[in-house]
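> Predicted model and sequence below, questions to follow.
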Amino acid sequence: MTAPDQVSYVYAIGRAAEVAAAGALPAGVGGAEVLPVTGGTLGALVSRVPADRFGEAGLRERLDDLAGLEAMARAHHEVVAAAYRAGVALPLRLATVYADDDRVAAVLRDREAELLGLLNRLTGHAEYGVKVYAGGPQEDVVPGAADSAAAPAGSPGRAYLLRRRAERDGRRSAQRAAGALADRVAEAASALATDRVVHRPQQGALATGPGENIANLAFLVPDDRAGSFVTAVQDAGVARPGTRVEVTGPWAPYSFATALPADAPQHGGGVADGGAGVADGAGPDGAVGRPGGERVR
């Protein structure tokens, strides 16, 4: 049972039998043990964590502690990934916190039909990420532009302007090529996926590798099509110089798991029944504060 000074942190939901069979899992957030909680035909994987650190006020303070927030996101993702491999198919967003285990069980019972429908949809599927980049080590330039920049000029200033123009035209050419590549890749991937989500392009610390992220897509792919999906994306994504395609996965289907809505705060604890979420999700890439996405049917 959850102690008075604890709250219940939830990682993932599955059918009760799958949750019970998940066995030993990695330590959860803050090193807490991960335990099953059942309600009706469903189960959840839960850690009992200190209320002062994981209640609403404590989680808000964590927003200013990027190192602590990253550690929590990685622990969350490791539990979700292990649970997903064991058949627990519905991951929850980072920092989904309930007042106690009894409230978790009540939510499982109250929302049983909705959650079972979502589990039926996600079971036997995995999430794959597809990113398209423009630029980088082999950034395109417009044919002839580099030659013009290198040609003798009337003054150093004119040579500098020509060089800058060539660089600008090269970036635009690479972006156009990457846009066309993204359309081709998305079409090939969508033919084998059952759903897709368009995320905002990653920038700054969230971006991986060289170049500008032009497209950041997530696809829900049946397990029996996984090999064909990866091959189709790789074939469609044969990049010209100045573009790059990155495929990641398989992941637990974070982008396709609808978060449980928040209820009214519990009396005395200040913890929202539906979860005090400090970020959209730990995400397959382990990024804190993953951007939300727009589902494309």
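That came through, no problem.
> quick one: strands adjacent to the strand or helix carrying Val197?
For Val197, the host element (DSSP states H and E) is strand 195-199. Strand 195-199 pairs in its sheet with strand 212-222 (antiparallel), strand 293-296 (antiparallel), by DSSP bridges.
> for the record, mean pLDDT for the first one?
Mean pLDDT, computed over strand 212-222, is 94.
> Distance from the following helix or strand past that strand to the middle of the chain?
Next helix or strand after strand 212-222 toward the C-terminus (DSSP H and E): helix 226-236. Counting by CA atoms, centre = their mean, to the nearest Å, helix 226-236 is centred 20 Å from the centre of its parent chain.
> how about helix 226-236: buried residues?
226, 229-230, 232-233, 236 (16 or more other CB atoms under 10 Å). Using the backbone N, CA and C atoms, a C-beta is placed for each residue, glycine as well.
> who touches it?
126, 128, 130, 184-185, 187-189, 191-193, 219, 221, 245, 247, 250 (CB atoms under 8 Å, 6 or more residues apart in numbering).
> From those residues, keep the buried residues only.
126, 128, 130, 184-185, 188-189, 192-193, 219, 221, 245, 247, 250.
> Spell out the residue ranges of the strands in this structure.
6-15, 35-39, 42-50, 90-98, 125-134, 195-199, 212-222, 243-251, 293-296 (DSSP state E).
> okay if I get those strands as a markdown table plus distance to Ala113?
Converted to a markdown table, the strands of the chain look like this (distance: least, CB to CB, whole Å):
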| stretch | distance to Ala113 |
| --- | --- |
| strand 6-15 | 13 |
| strand 35-39 | 13 |
| strand 42-50 | 10 |
| strand 90-98 | 14 |
| strand 125-134 | 20 |
| strand 195-199 | 20 |
| strand 212-222 | 21 |
| strand 243-251 | 26 |
| strand 293-296 | 21 |
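> Quick one, which of the ones you listed gets closest to Leu25.
Among the strands of the chain, the nearest to Leu25 by CB to CB is strand 42-50 (6.8 Å).
> For that closest one, which helices and strands make contact with it?
For strand 42-50, the elements it packs on are strand 6-15, helix 16-21, strand 35-39, helix 101-110, helix 112-122, judged by 3 or more CB pairs under 8 Å, 6 or more residues apart in numbering; DSSP states H and E.
> The shortest one pairs with which strands, and in what direction?
When pairs are called by DSSP bridges, strand 35-39 turns out to pair with strand 42-50 (antiparallel).
> quick one, the partner strand and helix 112-122 angle?
On the basis of axes from the mean of the first three to the mean of the last three CA atoms, to 10 degrees, strand 42-50 is oriented at 100 degrees to helix 112-122.
> right, so the strands paired with strand 195-199: which one is the most enclosed?
strand 212-222 (a mean of 22; mean count of other CB atoms under 10 Å).
> how far is that strand from where the chain is centred?
Using CA atoms, centre = their mean, the offset of strand 212-222 from its chain centre is 10 Å.
> same deal with stretch 38-54?
22 Å.
> Can you give me the end-to-end span of that stretch?
End-to-end distance of stretch 38-54 (CA to CA, to the nearest Å): 22 Å.
> what residues are up against His76?
When contacts are counted by CB under 8 Å, 6+ apart, His76 is found next to 11, 28-29, 94-95, 282.
> ok, and what's touching stretch 33-48?
With CB under 8 Å, 6+ apart as the criterion, stretch 33-48 contacts 2-3, 6-20, 22, 25-30, 32, 79, 83, 88, 101, 104-109, 112, 115-116.
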